[in-house]
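Participant: Show me how the following folds:
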Amino acid sequence: MELEQSVCGLREPLMFWLWSSLAGRPNEGRLTGLQNVEDIFFKTIDNKILRGYKLKATGSKGQDSLPKGYMLILQGNALLADQIIDEFTQFSAAGFDVYIYDFRGYGRSEGKRRLKAIVSDYTEIIAALNSSNYDKHFIYAMSFGGIAFLNGFEKHARLDRIIVDTSPSRLSNYGCPAAYDPINHLPDNCSHFMFIVGQNDGVITPSMSQELIEKAQKRGAVILREKNFGHPFMDYDWLTDRRRMKRSL
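Facilitator: As a prediction, this is how the structure comes out:
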């Protein structure tokens, strides 16, 4: 079946249009000052080009370094790659190549914005990264990115560390098939997961993620709850955002 078909009814194209509008337009000026950034692209199975950025691994003083692993960022659905890539320099300074792409149909990426297609895109991207010569495989998936990541989880190869930052338990409450509920894709062993719960999150409230969190915790996941954390990259002050990133490293 076509990747770019709607699976969540007539509202799906409208909601994705709204979210991508909130994300705005790409602006390469946001990359000013990043010395280790590289423009990248990925060609999908249906020949769409996804564009993004790679922060190349460095040492703690910014010197070139052989990467000890990769970290793939799956952002929220109202964000573009160039808006947040600089927030992950501490991960590249820790020796990881950091990858982030605009979602299909967002920013500089081609295609129609559809849930089924975006899930497929990240299944492909992760498979490609895992086939590269990286010893460590890390994922940071937030909000809608967590939905996209977990929905393809059964098809992902070995991953060493996974951070899921404030993603909901279910999409079926919003007219999507239950097969797309993130809670239905948790592995039996979640010991390599960390779930972040923003107790001050007004976008995905703690109650919306509670079922997912409880199930993951029973399966061995680490749960980080912070009363001051809001939605990812919507924290009320810079220090809270910094603490969130530091706790994730």
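
Participant: Can you tell me the centre-most residue of this structure?
Facilitator: With distances taken as C-alpha atoms, centre = their mean, the residue of the chain nearest its centroid is L74 (1.6 Å).

Participant: which residues does that one bridge with?
Facilitator: In this structure, L74 bridges to A141 when assessed by DSSP bridges.

Participant: how about A78, phi and psi?
Facilitator: Backbone torsions of A78, given as degrees, to the nearest 10, read phi -120, psi 30.

Participant: My guess is it contacts L22. True?
Facilitator: Yes: in this structure, A78 is within contact of L22 by C-beta atoms under 8 Å, at 4.0 Å. Every C-beta, even on glycine, is put in place using the N, C-alpha and C of the backbone.

Participant: Looking at those two, which is more packed in?
Facilitator: A78 (20 against 11; other C-beta atoms under 10 Å).

Participant: May I have the residues that are in contact with that one?
Facilitator: Taking C-beta atoms under 8 Å, 6 or more residues apart in numbering as the contact definition, A78 lies against 19-20, 22-23.

Participant: again with K56
Facilitator: K56 sits next to 36-38, 64, 67, 92, 97 when contact means C-beta under 8 Å, 6+ apart.

Participant: Separate out the buried members of these.
Facilitator: Neighbour counting over the contacts of K56 (16 or more other C-beta atoms under 10 Å) leaves 36-37, 67, 92, 97 as the buried ones.

Participant: Filter the residues you listed down to just the ones in strands.
Facilitator: Under the assignment DSSP state E, these contribute 37, 97 to strands.

Participant: Which helix runs longest in the protein?
Facilitator: In terms of residue count, the longest helix belonging to the chain (DSSP state H) is helix 115-130.

Participant: Any chance you could list what contacts that one?
Facilitator: 3-8, 12, 42, 44-46, 48, 50, 70, 72, 74, 99, 101, 103-104, 111, 137, 139, 147-149, 151-152, 155-159, 171, 176, 180.

Participant: So which of those belong to strands?
Facilitator: 42, 50, 70, 72, 74, 99, 101, 137, 139.

Participant: quick one: which two of those residues are the most distant?
Facilitator: Spatial extent of the ones in strands among the contacts of helix 115-130 (C-beta to C-beta) is set by the pair L50 and H137 at 19.1 Å.

Participant: Tell me which of these two has more neighbours.
Facilitator: Neighbour count, other C-beta under 10 Å: between L50 and H137, L50 has more, with 26 against 21.

Participant: surely the more buried one meets Y99?
Facilitator: No: L50 lies out of contact with Y99 (C-beta under 8 Å); the separation is 10.7 Å.

Participant: quick check: angle from the lowest-mean-pLDDT helix or strand in the chain to strand 136-142?
Facilitator: When the helices and strands of the chain are scored by mean pLDDT, DSSP states H and E, helix 238-248 comes last with a mean of 70. Here helix 238-248 runs at an angle of 140 degrees relative to strand 136-142 (axes from the mean of the first three to the mean of the last three C-alpha atoms, to 10 degrees).

Participant: Sounds good, over and out.
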